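In: just need the structure, nothing else, for what follows:
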Amino acid sequence: MADAPPELWLARHGDTAWTVSRQHTSRTDLELNDDGVAAARSLVAKLSGRDYDVVLTSPLRRARDTARLAGFPDAVVDDRLREFDYGSYEGLTTAEIRESRPGWDLWTDGGGPGGETVQEAGRRLDEVVARIRADAPTRALVFGHGHALRILAARWLALAPAEGRVLLLGPAGVGVIGSEHGRAAIRRWGL
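Out: Numbering: from 1, shown residues only. Predicted coordinates for the structure are as follows:
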């Protein structure tokens, strides 16, 4: 359909030391570990063989390196694709956060002091949605981070940012959002 949104491909970066230890990582610019490098290279088979009108990446090294290793060294950096800002919870696990803030949930409570809310991240990622819809008539590819990509997917689907909570995407995972009858719809998830 002429009014259908472009197809959106989302690729999460490969493992880092902190994804393995389950520490919240936003601004800390970690490199991929050996498994993360291998997983990023394995994305070549999943992502090649298609034309992408736009290929974007987070500015953080783990996403940029994943893009390069997956065969997209010229991915355009978009700062709005950075990971959800956890504020003072940076580097902590959910269990550690809940020691001082029982019942904490990212999707309802947001980041720690100095961090952002899910709604703030949603507004930031709405700008990315608008950019892709303006620049990609048929297909876009985005390299990024676990929580930010989940929020981006929710916004692409016209859902509230917090609905990203149901869209798990593991390290080096791929999600594809196509359309049906002119509306965005999940085609494949967690490839």
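In: for the chain, give the helix that spans the most residues.
Out: helix 118-135 (DSSP state H).
In: where's the residue positioned nearest the centre of the chain, which helix or strand?
Out: Centroid check for the chain by Cα atoms, centre = their mean gives residue 149 as the closest residue, at 2.3 Å. Element membership for residue 149, per DSSP states H and E: helix 146-156.
In: hang on, the earlier thing: can you name every helix or strand that the longest helix of the chain contacts?
Out: On a contact count with 3 or more Cβ pairs under 8 Å, 6 or more residues apart in numbering; DSSP states H and E, helix 118-135 meets strand 54-57, helix 106-109, strand 139-144, helix 146-156. In short, each C-beta sits where N, CA and C put it, glycine included.
In: now with 7 Å, please.
Out: helix 146-156 (3 or more Cβ pairs under 7 Å, 6 or more residues apart in numbering; DSSP states H and E).
In: and the strands in the protein?
Out: Ranges of strands in the chain, per DSSP state E, are 7-12, 54-57, 76-77, 139-144, 174-180, 183-189.
In: kindly reformat those as TSV containing distance to residue 48.
Out: Converted to TSV, those look like this (distance: least, Cβ to Cβ, whole Å):
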stretch	distance to residue 48
strand 7-12	11
strand 54-57	12
strand 76-77	18
strand 139-144	11
strand 174-180	12
strand 183-189	16
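In: what are the bridge partners for residue 175, then?
Out: Judged by DSSP bridges, the bridge partners of residue 175 are residue 10, residue 189.
In: ok, it touching residue 10?
Out: Yes: counting by Cβ atoms under 7 Å, residue 175 does reach residue 10; the two are 4.4 Å apart.
In: hang on, the earlier thing: give me the contact list for the helix holding residue 149.
Out: Contacts to helix 146-156, defined as Cβ atoms under 7 Å, 6 or more residues apart in numbering, come from residues 8, 10, 12, 81-84, 106, 118, 121-122, 125-126, 128-129, 142, 160-161, 163-164, 167, 169, 175, 177, 184.
In: what subset of those residues is buried?
Out: Buried positions within the contacts of helix 146-156, assessed by neighbour count (16 or more other Cβ atoms under 10 Å), are 8, 10, 12, 81-84, 106, 118, 121-122, 125-126, 128-129, 142, 161, 163-164, 167, 169, 175, 177, 184.
In: so where's the chain shaky on pLDDT?
Out: Applying pLDDT under 70 to the chain flags residues 1-2.
In: swap in 50 and give it another go.
Out: Low-confidence segments of the chain, defined by pLDDT under 50: 1.
In: so what's the closest residue to the residue nearest to the centre of the chain other than its chain neighbours up against?
Out: Closest residue to residue 149 apart from its sequence neighbours, by Cβ to Cβ, 6 or more residues apart in numbering: residue 10 at 4.8 Å. Applying Cβ under 7 Å, 6+ apart, we find residue 10 in contact with 142, 149, 152, 153, 169, 174, 175.
In: most tightly packed of the strands of the chain?
Out: Most buried of the strands of the chain, by mean neighbour count (mean count of other Cβ atoms under 10 Å): strand 139-144, with a mean of 26.
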